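Chemist: Got a sequence here, can you build the structure:
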Amino acid sequence: MNESNRQKKVAQIIQEDFAELFRKQASESKQSFLVSVSDVKVTADLSIAKIYLSIFPTEFRKDIMKEILVNKAHYRNFIGQKMGKQVRIIPELNFYLDTTLDDVEKIEKELRGEGDNPIL
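Modeler: Residues are numbered from 1 along each chain as shown. Predicted structure coming up:
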C-alpha cells in the first residue's frame with residue numbers, strides 16, 4: 001500500500017528534526033559516535049511513527065538505544081513542539097535499530113569468501 005503525501009510529509013519532518021537533534025547530541029557528547037535516522041514510517045492515521053536508526057561505531061549501539069528508549073517521552077515532547085501546529089495528534093514514537101548496512105557488509109564478505117561460508 002502506498003503512503004499518502006501527508007504521511008510522507010510528516011515522516012520527512014520527523015526524520016529531519018531527529019537527524020538534527022541526534023547530530024547535536026553526538027557533538028556535545030564526550031564519546032565519538034554517530035546516530036543517523038535512516039528511515040521513518042508513519043501509519044495512515046499518523047498515530048505511530050517508526051523511526052529506524054543507524055548507530056556507529058557498533059559497540060555503542062546497545063547503550064545508545066537503551067538511552068533513546070528511556071527518553072522516548074522527552075523525544076515525543078520535542079517532536080510535539082516542532083510539529084504541533086502541523087498535526088492534531090503527535091505520533092507515538094517507536095525506535096528501531098537499522099542493521100541494513102551490517103547485513104550488506106556481511107553478505108559481501110560471504111561473497112568474497114571471507115566469511116564462515118566455504119567456497120565450493
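Chemist: contacts for the helix or strand harbouring Lys66?
Modeler: Under the criterion of DSSP states H and E, Lys66 resides in helix 61-70. Residues outside helix 61-70 that contact it (C-beta atoms under 8 Å, 6 or more residues apart in numbering) are Phe33, Val35, Leu53, Ile55, Tyr75, Phe95, Leu97. (Glycine included, C-beta is placed from N, CA and C.)
Chemist: Sitting in helices, which of the residues you listed do you find?
Modeler: Counted as lying in helices by DSSP state H, out of the contacts of helix 61-70, are Tyr75.
Chemist: any idea of the pLDDT on Met1?
Modeler: The per-residue pLDDT reported for Met1 equals 59.
Chemist: repeat for Leu111
Modeler: So, for Leu111, pLDDT stands at 80.
Chemist: What's the local residue count around it?
Modeler: Using other C-beta atoms under 10 Å, Leu111 has 11 neighbouring residues.
Chemist: Could you check how far it is from Glu105?
Modeler: 11 Å (C-beta to C-beta, to the nearest Å).
Chemist: Which of the three states applies to Gln7?
Modeler: For Gln7, the secondary structure call by DSSP: H, G, I helix; E, B strand; the rest coil comes out as helix.
Chemist: quick one: it and Ile48 touch, right?
Modeler: No - assessed by C-beta atoms under 8 Å, Gln7 is found out of contact with Ile48, at 11.0 Å.
Chemist: shared neighbours, the two?
Modeler: Val42.
Chemist: And those two? Which one has more around it.
Modeler: Gln7 (18 against 13).
Chemist: so who does the more buried one touch?
Modeler: Val42, Thr43, Ala44, Leu46.
Chemist: Tell me how far it lies from Arg76.
Modeler: For Gln7 relative to Arg76 (C-beta to C-beta), the value is 18 Å.
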